[in-house]
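**Q** 3D, please:
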Amino acid sequence: MNSTPAINLIGQVRWLHLLAIIMLSACSSPNVKKEVPPDAESSVPIVEKSKLDQKIPLTELHTDEVLGLKSTLAQLFSLKSDTHLTNVSWSELPGWEIDQVTDGIPALLQSCRVVQKFQEWKDICQKAQLLVGEPNEKQRQFYESNFLPFKVHNEDKTNAGLVTGYYEPLLMGSL
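**A** As a prediction, this is how the structure comes out:
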């Protein structure tokens with residue numbers, strides 16, 4: 001009769017194992033694929049050709065054209081609305097006049113490997129290739145002639161809490 005407590009203990013351990021398996025299986029979720037109809041349009045808008053392609057100085061864009069760009073940018077970057085964007089002049093960018101913009105052309109050319117397949121980027125990428133080795137001022141004129149600066153901010157126009165830019169995390173580890 002001394003074996004009865006051992007049998008009861010084994011039974012309890014089995015129930016604990018079963019309970020643990022049930023609890024762990026509840027933590028997993030089924031792998032559900034969202035089916036998208038093959039004819040569904042992409043949710044990312046394609047920017048149509050505009051007066052920018054006609055070599056009109058960007059400073060001559062009309063208000064409705066800038067508003068259209070803001071709306072498109074807001075959609076591209078998944079912002080709640082275009083109220084997060086304000087069109088600014090190049091001189092309003094801190095340090096723009098003294099910035100070493102020659103460092104940006106290699107990064108732009110790297111991006112061009114992907115984006116040049118889009119009609120909107122072909123001309124810009126071709127121009128950027130011609131700027132390798134050109135002086136800083138000529139490259140600055142390229143940016144000012146081909147891009148519009150926008151300030152990104154919170155809906156209440158504050159900019160606290162926003163991070164703009166790219167970073168590459170460097171994680172050191174060993175085995």
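**Q** buried sites along the helix or strand that Glu137 is a member of?
**A** Assigning secondary structure by DSSP states H and E places Glu137 in helix 136-146. Judged by neighbour count using 16 or more other C-beta atoms under 10 Å, the buried positions of helix 136-146 are 139-140, 142-144. Placement of C-beta: from N, CA and C, glycine included.
**Q** for the helix or strand that that helix is followed by, what is the average pLDDT?
**A** Remark: after helix 136-146, the chain's next helix or strand is strand 150-152, criterion DSSP H and E. The predicted model gives strand 150-152 an average pLDDT of 79.
**Q** before we move on, what about stretch 119-129?
**A** On average, stretch 119-129 scores 90.
**Q** Extract the C-alpha set from that stretch and format it as PDB.
**A** Below are the C-alpha coordinates for stretch 119-129, written out as PDB (Å, rounded to 0.1, in the frame of the first residue of the first chain):
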ATOM      1  CA  GLN A 119       9.400  56.800 -64.600                       C
ATOM      2  CA  GLU A 120       9.400  59.600 -62.000                       C
ATOM      3  CA  TRP A 121      12.900  58.900 -60.900                       C
ATOM      4  CA  LYS A 122      14.700  58.100 -64.200                       C
ATOM      5  CA  ASP A 123      15.700  61.700 -65.000                       C
ATOM      6  CA  ILE A 124      16.800  62.400 -61.500                       C
ATOM      7  CA  CYS A 125      18.900  59.300 -61.300                       C
ATOM      8  CA  GLN A 126      20.600  60.000 -64.600                       C
ATOM      9  CA  LYS A 127      21.400  63.600 -63.500                       C
ATOM     10  CA  ALA A 128      22.800  62.200 -60.200                       C
ATOM     11  CA  GLN A 129      25.200  59.900 -62.000                       C
END
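**Q** and Ile105, how many neighbours?
**A** 20 (other C-beta atoms under 10 Å).
**Q** Check whether it really touches Leu131, as I assumed.
**A** Yes. Contact criterion C-beta atoms under 8 Å: Ile105 and Leu131 qualify, at 5.3 Å.
**Q** Overlap in contacts, those two.
**A** Gln139 (C-beta atoms under 8 Å, 6 or more residues apart in numbering).
**Q** ok, Pro106 - contacts?
**A** Per C-beta under 8 Å, 6+ apart, neighbours of Pro106: Val132.
**Q** now the helix or strand containing it: mean pLDDT?
**A** For Pro106, the element it lies in under DSSP H and E is helix 104-115. For helix 104-115, mean pLDDT rounds to 91.
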